[in-house]
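**Student:** below: sequence and its predicted model.
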Amino acid sequence: MAEEILKFNRGDVAEGIIGAALVAKFKNRPKKINDDNVKLTKKMIDEVLDDFFKTTNVINYKVKDVLSQKSKLIYDEIIFKMSLPAPAYELLKQTNKRSVVDDLYVSAIDYVETTWKDEILKFAFNGKIDKIIIDSDGVGDQKGTKADIKMTVDDKPYYRQISLKVKGGDQFAQISGHDFSKQIELWEKNLNLDIKKLEKEYLKSLVNYDKTLVFSSREDVKVEEFKNMLKEAVSVTYEEASKQITSLIQTKNSSFFDNLSKLILEGATRGDINIELVKLEKKTFKQLSFDKNFIKEYSKKLKNAGLKVVYKKTGDPAVQIFVGPPSGKKNLLLQIRPKVAAESSKLKSGTVYRPYLRNIIESGPLMFSL
């Protein structure tokens, strides 16, 4: 089991910590109407986790509403569920092992106290029975929703659901596959660029690429050759996309800024504006929230931000969009780059590998704080 813990994913662990932090904040409320806010602590979060692991996949707390009268006691029901991949689950299960992610506790406390405190206190003071379920679901429906921490109130989805990232987890969307139709989807469908004209040149780079071939080892020389063919092919569309995006930015094309805002919204939420994108890093957090006016308002910010585009030629190709003159990652809005990996699959004859292309869309710091 020690070896399993060493393999834990920090993003998975963060889901458990954020869920427990929210439960702890709901549970540790003022006792009287004039009492001060009870500041969330690591100890409170650990108590929730310890209680959870004494049960079977769910913990239920009954917490008195502050406005309860002696003649009429009102209790809120706070329910915590958590389903995580085994390494993260096992790490959190052992109290003495959690110190390796102390920074995530600090980030979680900052996020909850900064953005949830007043909201949670309203439940404590509303004088009615509330049933609140917080579900840190790291193994559930990964394709149906972007939410990692789901919350319901009185059996209805709450207007805040959380898609969670940690440092290094910049990807928030992807379009997978090497067919040219995927380049059409990426650049034309999302950003309304003219890419169809490049199909012949794109396919020319793949003339010797055989998608039916599989290999017994990731280290096979042919695997690397095929990976390079895929990168060469996408460099054709990526370079042209960067030129067209530069032109649209320079001409202040309103439709482009709308499309870019929509790409961020759809990529981060799959169209569910109740989802907020949260990133824990450096003992604090970044947050991007959405509403029905997001595209309109974010588009205006983009139009006035002085965006600049860089096409990265060396190494793997990438289209990078910066806020203001490019001066390092701190000014990065987002980037789109190919990720080509030799992915495994099982056959009767054993495990085989084949190159697989993903066009991934990654956030920069300025996407959260534009």
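**Tutor:** Right, received. Where do you want to start?

**Student:** all helices of the stretch 251-370 of the chain, in order?
**Tutor:** For the stretch 251-370 of the chain, helices defined by DSSP state H, counting those that start in this stretch occupy the ranges 254-269, 294-303, 365-368.

**Student:** nearest to Asp12, out of those?
**Tutor:** Of all the helices of the stretch 251-370 of the chain, helix 254-269 sits nearest to Asp12, with 19.0 Å by CB to CB. Just so you know, the C-beta spots here come from the backbone N, C-alpha and C atoms, and that holds for glycine as well.

**Student:** with only the CA atoms kept, save the closest one in PDB.
**Tutor:** C-alpha atoms of helix 254-269 as PDB (Å, rounded to 0.1, in the frame of the first residue of the first chain):
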ATOM      1  CA  SER A 254     -15.800  41.200 -32.400                       C
ATOM      2  CA  SER A 255     -16.900  37.800 -33.500                       C
ATOM      3  CA  PHE A 256     -13.500  36.400 -32.900                       C
ATOM      4  CA  PHE A 257     -13.400  37.600 -29.300                       C
ATOM      5  CA  ASP A 258     -16.900  36.100 -28.800                       C
ATOM      6  CA  ASN A 259     -15.700  32.800 -30.200                       C
ATOM      7  CA  LEU A 260     -12.600  32.800 -28.000                       C
ATOM      8  CA  SER A 261     -14.800  33.500 -24.900                       C
ATOM      9  CA  LYS A 262     -17.200  30.700 -25.900                       C
ATOM     10  CA  LEU A 263     -14.300  28.300 -26.400                       C
ATOM     11  CA  ILE A 264     -13.200  29.000 -22.800                       C
ATOM     12  CA  LEU A 265     -16.700  28.700 -21.500                       C
ATOM     13  CA  GLU A 266     -17.500  25.400 -23.300                       C
ATOM     14  CA  GLY A 267     -14.100  24.000 -22.700                       C
ATOM     15  CA  ALA A 268     -14.200  24.600 -19.000                       C
ATOM     16  CA  THR A 269     -17.900  23.800 -18.300                       C
END
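
**Student:** need the residues that contact it.
**Tutor:** 146, 163, 172-173, 190-192, 245, 248-249, 271, 273, 275, 277, 288, 290, 294-296, 298-300, 302-303, 321, 334, 361, 367 (CB atoms under 8 Å, 6 or more residues apart in numbering).

**Student:** among the residues you listed, name the buried ones.
**Tutor:** Restricting these to buried positions leaves 146, 163, 172-173, 190-191, 245, 248-249, 275, 277, 288, 290, 294-295, 298-299, 302-303, 321, 334, 361, 367, with burial counted as 16 or more other CB atoms under 10 Å.
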